[in-house]
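> Sequence and computational prediction follow.
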Amino acid sequence: MMMSFETGLAMNFRARFRILLFVVLAMGAVLGLSVLLRGLLTQARADLPGGVVFSENYRLSTVYTGDLVVASPAITLDETARVTGNVSFAGESIMLAGTIAGDLTLLAQHIILDGVTITGNLRLLSDDALINAQIDGTTMIDVDVLHIGEGARFASAPAVCADRVTDDRAEPSPYAPCPPATIDPFRDLIPLRAQLDNPISLSIRDPLTLGLGAGMFTALVALCAALVPARLVTVVRMVRHNPLRCLQLGIVLLALVIGMVSAQIFLLGTITALGVVLLPVSVVGSVAVGLIVLLGVATTAILLGGWLLRKPQPPMIAAAVGGAGIALVLVGVALLPYGQIALVVAVLAISAAGVGAVVYTRAGTSGRAA
């Protein structure tokens, strides 16, 4: 019995609707998982000794027990806050009150200590700082501009390295000499502070950014499959025919690209004139490599989408489903420490076999076997 045109059209519509629904739900899962993982990873870092809390805006108003390390553009401790343990903060703006029962190390552009009590030692490196606090241990301050409030109390003479000092105390105590190696106490905080200067490093942990990025990634992979479906079918066939050789070639090519990029950066830093002359070639090469990597990712997405759907589908549909699955993995990678670097490594790893197949088939124009 032959199926009517209307029945076939209805079945085809239902199948495509289910696939579309799957992709939409996958994107929702990506966004939801990003929120969940971000919270879990941040909490895990906060609870682990020596762990780091990354936050866009950190504020503490309760009791915290244990050592605390925070990297955030804005850090605030309210009057009700109490930390029992050593504290290290790296940020742009730091405002502290409350009590810190331990040592305090601060690295920021602007620091205000107003009403805070520090039972241990204070180490501070900043552009400008206001200190109106009680420090029961030793104090080392390295700033451009220092303002000491009238309520400041130091158990011992503070070691001050500053271009300009304003002291409002009724009877200012003398300062200790500036130590020769003031950078040592802040050695561990400097890399954390450097991450805050990179907006990508901050935004990459934002749930909305992760969700939108995952959606754009899936759409880009699907669009690539829609524009060159026949070529991608040839590339996918090559990966299936000889996956090991494709993977080996892809790894070698990507390593070569990384070496060439490193050489270009080295030339710009050492032999600037030569680096500038070669820059247009590097830009054109980067665009070509980017397109090859995109085709490689699309190849992996089609393979993954076909495996998930368990039956043959048009390249665009398989790429959309596989792209959503890959995006889910990349979201988890982005939430790891140094997620920006881990993302680049993950994308290169995912695309390696596809990149090798793209080169073997000359971007899908040749179906020769390897």
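That came through, no problem.
> Residue 161: neighbour count?
If you count neighbours by other C-beta atoms under 10 Å, residue 161 ends up with 17. From N, CA and C alone the C-beta is placed, and that goes for glycine too.
> Look up the closest residue to it, ignoring the ones flanking it.
Spatial nearest neighbour of residue 161, excluding adjacent residues (C-beta to C-beta, 6 or more residues apart in numbering): residue 178 at 3.8 Å.
> which other residues reach stretch 72-81?
The contact list for stretch 72-81, computed with C-beta atoms under 8 Å, 6 or more residues apart in numbering, reads 53-64, 83, 89-100, 108, 115-116, 196, 202.
> Filter the residues you listed down to just the ones in strands.
Per DSSP state E, strands hold the following members of these: 53-54, 58-60, 63-64, 83, 89-90, 93-96, 99-100, 108, 115-116.
> Okay, and the closest residue in space to residue 269 that isn't next to it in sequence sits in which element?
Nearest residue to residue 269, sequence neighbours excluded (C-beta to C-beta, 6+ apart): residue 275, at 7.6 Å. Per DSSP states H and E: residue 275 is located in helix 272-309.
> which helices and strands does that helix pack with?
On a contact count with 3 or more C-beta pairs under 8 Å, 6 or more residues apart in numbering; DSSP states H and E, helix 272-309 meets helix 207-227, helix 229-241, helix 243-270, helix 315-334, helix 339-360.
> before we move on, the earlier item: checking my notes, the residue nearest to residue 161 in a strand, right?
No - counting by DSSP: H, G, I helix; E, B strand; the rest coil, residue 178 is not part of a strand but coil.
> was I right about it contacting residue 157?
No - look at residue 178 against residue 157 with C-beta atoms under 8 Å: they stay out of range, at 11.9 Å.
> could you list every residue that touches residue 251?
With contacts defined as C-beta under 8 Å, 6+ apart, residue 251 is in contact with 352, 356.
> where does it land on pLDDT?
pLDDT, residue 251: 91.
> Residue 106 too?
Turning to residue 106, the model gives it a pLDDT of 92.
> Wait, it touches residue 89, no?
Yes - the criterion here is C-beta under 8 Å, and residue 106 meets it with residue 89 at 5.2 Å.
> what residues are shared contacts of those two?
Counting by C-beta under 8 Å, 6+ apart, no residue touches both residue 106 and residue 89.
> Now do the contacts for residue 366.
By C-beta under 8 Å, 6+ apart, the residues touching residue 366 are residue 234.
> That one is in what secondary structure piece?
Per DSSP H and E: residue 366 is located in neither a helix nor a strand.
> measure it to residue 231 for me?
10 Å (C-beta to C-beta, to the nearest Å).
> just residue 217 next, same as before
Per C-beta to C-beta, residue 217 is found 20 Å from residue 231.
> try residue 251
Taking C-beta to C-beta, one finds residue 251 at 22 Å from residue 231.
> Check residue 290 too.
Applying C-beta to C-beta, the value for residue 290 to residue 231 is 17 Å.
> Give me the more crowded residue out of these two.
When residue 290 is set against residue 231 and neighbours are counted by other C-beta under 10 Å, the residue ahead is residue 231, at 20 against 10.
> residue contacts, the more buried one?
Neighbouring residues of residue 231 by C-beta under 8 Å, 6+ apart: 295, 361, 363, 364, 365.
> Could you identify the most distant pair in these?
In terms of C-beta to C-beta, these reach their longest pairwise distance at 295 and 365, which sit 11.9 Å apart.
> Report the secondary structure state of the closest residue to residue 151 other than its chain neighbours.
Leaving aside its sequence neighbours, residue 151 sits nearest to residue 132 (C-beta to C-beta, 6+ apart; 4.8 Å). For residue 132, the assignment made with three-state DSSP gives strand.
> Tell me how many other residues crowd residue 132.
Around residue 132 there are 19 residues (other C-beta under 10 Å).
> Look up which residues are beta-bridged to it.
Note on residue 132: beta-bridge partners by DSSP bridges are residue 114.
> which intervals of this structure have sub-threshold pLDDT?
Where the chain drops to pLDDT under 70, the residues are 1-51, 181-184, 190-209, 337-339, 367-370.
> Tell me how it divides into domains.
Per automatic domain parsing, the structural domains of the chain span 16-41+205-360, 57-196.
> for residue 136, phi and psi?
Per-residue torsions, residue 136: phi -90, psi -20 (degrees, to the nearest 10).
> ditto for residue 74
Dihedral angles for residue 74 - degrees, to the nearest 10 - are phi -130, psi 120.
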